[in-house]
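Undergrad: With the input below, show me the fold.
(chains A and B)
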Amino acid sequence: MNAALALACLLPASTLAVWTGKGWEEWWRSNDAPAQWAAPLPLLSATLRWRSVAPGVQWSETRLSGRGEAWRIRLIVARLDPRLVRIQLDTAYRSQGTRAAWTIDRAPEATLLAVNAGQFPRSFPWGWVVLNGREYQPPGVGPLSVAVAFDSSGGVRWLDTEALARQGTRWGVAAAFQSYPRLLVEGAVPPPLREEGLGVDLSHRDARAAFGQAADGSILIAMTRFDGAGEALDFVPFGLTVPEMAAVMGALGARNAVLLDGGISSQLLIADHPARRWPGLRAVPLGLVVTARN
Amino acid sequence: MPRSSTRRMLVCTGLSLVALSLTAAPAQSQIKGLIKKATKVVEGADPTTTSAKPPTFDDVTLELTQARVAKILAGKQAGKRIAEGPNGPAAIRAKTEALDARQAAIYEKHVDEINAWDEKRRENQNCRDSALGAITERRRNELMDRATSDPQYRLRLADLARAMMEAQQKGDTAAMRKAQEALKNLKAPTKADTARAMSQCGEAGPTGLVKEWVELKSELEELKGLEQQAEVAIQQAEQSESGMTNRQLAMACERIKLFADRLKKKAKLGEFTEQEQQALQQAIKDLEDLCG
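TA: Predicted coordinates for the structure are as follows:
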């Protein structure tokens, strides 16, 4: 394990194993969980067979096994090179703006990848949103929140609440969203994700979606789907805990990562041939849409 | 499709043979191993010397006492009655051979028609698969639409998923089947869907001699199944009447055959206890015949 430091036994008991093709191999334990991730975990990486969709867009999937509802979980991972693709945000509402209406079905034809972005308490996205260079919503404030800002040349910045408050940091941004909780900060698992009682429910299981960035700058988008009853019920929101999802992102090689809205909101489209769709059961107010950079 | 009758047989009976071999192979290899063991046990010593000793009896090698020999005879006779009866493997094999000859004759003369029908059948099957695949996809979308709009239904699906997962984790096959059946009912094409798909793709039923050939093929497959069932019935009758397991009976028969061989060669019988020698000598003719 890429553990620089191991967490004490402060997490709800759980484990994660990956299907290697020959059997399940355990790679994470809550009572020996790394507090810091330095590099991708070879065991998990070895199970990923990357498929190229377009320049700068690859995806893969693997099978995980955890406790309880996470007994059989499919992990879908997309890897993007932000220098080769254009990342935009999109919103959609109905009922005179009172109901969220964005789904992956709204993604334009040229879309290479689309995923729900950020979190939303009611009908509107939570926190800072920049659409096509214009601030659509001001930043929100939350202890584990982080904003991800994209500039027009493919640069990606991670901005915490303090950074967002500083003058000038919000300039020159082509698209941005804010989400929570943060899963990794420069490879470190934030303290509230390492110990119960610090404001994050560490035992709740749900289908998860996360956005991260690896040390080489590539963007990692990961989503889990219930895999215990075939594809027919893959939208059932059974899945990982927040610390487990942090471990997944760390093991995938993310240096920074944040959770996106999961559960019945999580949805992903990858324009492979044929296109792969993991629809959600709920429309959301904000989607992240990746297209080719012309 | 292969032209030689041998290869044809392989094609015709391939599936049933695979099924048969899947179940029969482990049993066969076990019995072979047993025979090897029996031979080792009883032939390890030179029969002409006084050093040959009876084996150590255990839960596979049983002492062949008078009572046990009587049981073996009863078991083997019960098996023989089934084997030689109208539904025994030999009778079934006789039927199989007649049908097989007829099927081979049709194949030799009408191979091109059979191949043409087979191609048409496959095209038809592909068409049905595509149509049913589209229906399944549509039903899945309907399922998701309902789950999207109806939270109660969503909970029911989550309960079903949980039941399925728990059954899998516990290895509870009955619960697993029940959950899978429920899931299948949710997404499988209905009878009306299936009928629609069938009508879209048309019929690809065989006619004339091709039809007869296909019917013979299915009859032959059925007979193979019956033959397998008859073999199982023989084993069950033997075991039930003798009160011995298949392995114990196989070992006993190997020792009986060795005993008969020793008698014929007038060799020493040191591998058998005195009690066994007495019991076996009285019934050796019947035993030898029944053990084959």
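Undergrad: For A:Gly187, grab the count of nearby residues.
TA: The tally of other residues near A:Gly187 (other C-beta atoms under 10 Å in any protein chain shown) stands at 20. (Each C-beta comes from the backbone N, C-alpha and C, glycine too.)
Undergrad: A:Pro40 is in contact with that one, correct?
TA: No - look at A:Gly187 against A:Pro40 with C-beta atoms under 8 Å: they stay out of range, at 11.3 Å.
Undergrad: Can you report how many residues lie near A:Gln96?
TA: 6.
Undergrad: Is it in a helix, a strand, or coil?
TA: Look at A:Gln96: counting by DSSP: H, G, I helix; E, B strand; the rest coil, its state is coil.
Undergrad: Could you pull out the helices in the stretch 151-292 of chain B for me?
TA: B:151-170, B:173-187, B:191-201, B:208-242, B:246-264, B:274-291 (DSSP state H, counting those that start in this stretch).
Undergrad: Not counting its neighbours along the chain, what's nearest the residue of the stretch 51-200 of chain A found nearest chain B?
TA: Proximity of the stretch 51-200 of chain A to chain B (C-beta to the nearest C-beta) peaks at A:Trp71, 5.4 Å away. Nearest residue to A:Trp71, sequence neighbours excluded (C-beta to C-beta, 6 or more residues apart in numbering or on different chains): B:Met165, at 5.4 Å.
Undergrad: State the number of residues packed around the one you found.
TA: If we define neighbours as other C-beta under 10 Å, then B:Met165 has 24 of them.
Undergrad: Model confidence for it, exactly?
TA: B:Met165 is assigned 85 on the pLDDT scale.
Undergrad: Return the most buried member of the helices of the stretch 151-292 of chain B.
TA: Highest mean neighbour count of those: helix B:246-264, a mean of 20 (counted as mean count of other C-beta atoms under 10 Å in any protein chain shown).
Undergrad: Let's see that one as PDB, backbone CA atoms only.
TA: Extracted C-alpha coordinates of helix B:246-264, given in PDB (Å, rounded to 0.1, in the frame of the first residue of the first chain):
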ATOM      1  CA  ASN B 246     -20.900 -46.900  -5.300                       C
ATOM      2  CA  ARG B 247     -17.200 -46.900  -4.300                       C
ATOM      3  CA  GLN B 248     -17.700 -49.700  -1.800                       C
ATOM      4  CA  LEU B 249     -19.400 -51.800  -4.500                       C
ATOM      5  CA  ALA B 250     -16.800 -51.100  -7.100                       C
ATOM      6  CA  MET B 251     -14.000 -52.100  -4.700                       C
ATOM      7  CA  ALA B 252     -15.900 -55.300  -3.700                       C
ATOM      8  CA  CYS B 253     -16.300 -56.300  -7.300                       C
ATOM      9  CA  GLU B 254     -12.700 -55.700  -8.000                       C
ATOM     10  CA  ARG B 255     -11.800 -58.000  -5.100                       C
ATOM     11  CA  ILE B 256     -14.400 -60.500  -6.300                       C
ATOM     12  CA  LYS B 257     -12.900 -60.600  -9.800                       C
ATOM     13  CA  LEU B 258      -9.500 -61.100  -8.300                       C
ATOM     14  CA  PHE B 259     -10.800 -63.900  -6.100                       C
ATOM     15  CA  ALA B 260     -12.300 -65.600  -9.200                       C
ATOM     16  CA  ASP B 261      -9.000 -65.200 -11.000                       C
ATOM     17  CA  ARG B 262      -7.000 -66.700  -8.100                       C
ATOM     18  CA  LEU B 263      -9.500 -69.700  -8.000                       C
ATOM     19  CA  LYS B 264      -9.000 -70.300 -11.700                       C
END
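Undergrad: give me phi/psi at the residue of the stretch 51-200 of chain A closest to chain B?
TA: phi -60, psi -40 (degrees, to the nearest 10).
Undergrad: Then A:Tyr136?
TA: Dihedral pair for A:Tyr136: phi -90, psi -30, per degrees, to the nearest 10.
Undergrad: quick one: the spatially closest residue to it that is not a sequence neighbour and A:Gly97, what's the gap?
TA: Closest residue to A:Tyr136 apart from its sequence neighbours, by C-beta to C-beta, 6+ apart: A:Val129 at 4.3 Å. Counting by C-beta to C-beta, to the nearest Å, the gap from A:Val129 to A:Gly97 is 15 Å.
Undergrad: Same drill for those two, tell me which one is more crowded.
TA: Remark: of A:Val129 and A:Gly97, A:Val129 carries more neighbours, 25 against 12, as counted by other C-beta under 10 Å.
Undergrad: for A:Trp19, what are its contacts?
TA: A:47, A:62-65 (C-beta atoms under 8 Å, 6 or more residues apart in numbering or on different chains).
Undergrad: most surrounded residue in the residues you listed?
TA: Busiest of the contacts of A:Trp19 [other C-beta under 10 Å] is A:Leu64, holding 25 neighbours.
Undergrad: Chain A against chain B: which residues are in contact?
TA: Proximity of chain A to chain B is confined to A:69, A:71-72, A:226, A:228-233, A:235-238, A:264, A:279, A:281-282 under the rule C-beta under 8 Å from any C-beta of the partner chain.
Undergrad: Put the buried members of the residues you listed into a PyMOL selection.
TA: Buried members of these, defined by 16 or more other C-beta atoms under 10 Å in any protein chain shown, are picked up in PyMOL with:
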select buried, chain A and resi 69+71+72+226+228+229+232+233+235+236+237+238+264+279+281+282
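Undergrad: I'd like to know which of the residues of chain A next to chain B are part of strands.
TA: Of the residues of chain A next to chain B, the ones assigned to strands by DSSP state E are A:Phe226.
Undergrad: Report the central residue of chain A.
TA: For chain A, A:Ala210 is the residue whose C-alpha lies nearest the centre (C-alpha atoms, centre = their mean; 1.1 Å).
Undergrad: show me what contacts it?
TA: Contacts of A:Ala210 by C-beta under 8 Å, 6+ apart are A:183, A:220-223, A:245, A:248-249, A:257-260.
Undergrad: All good on my end, thank you.
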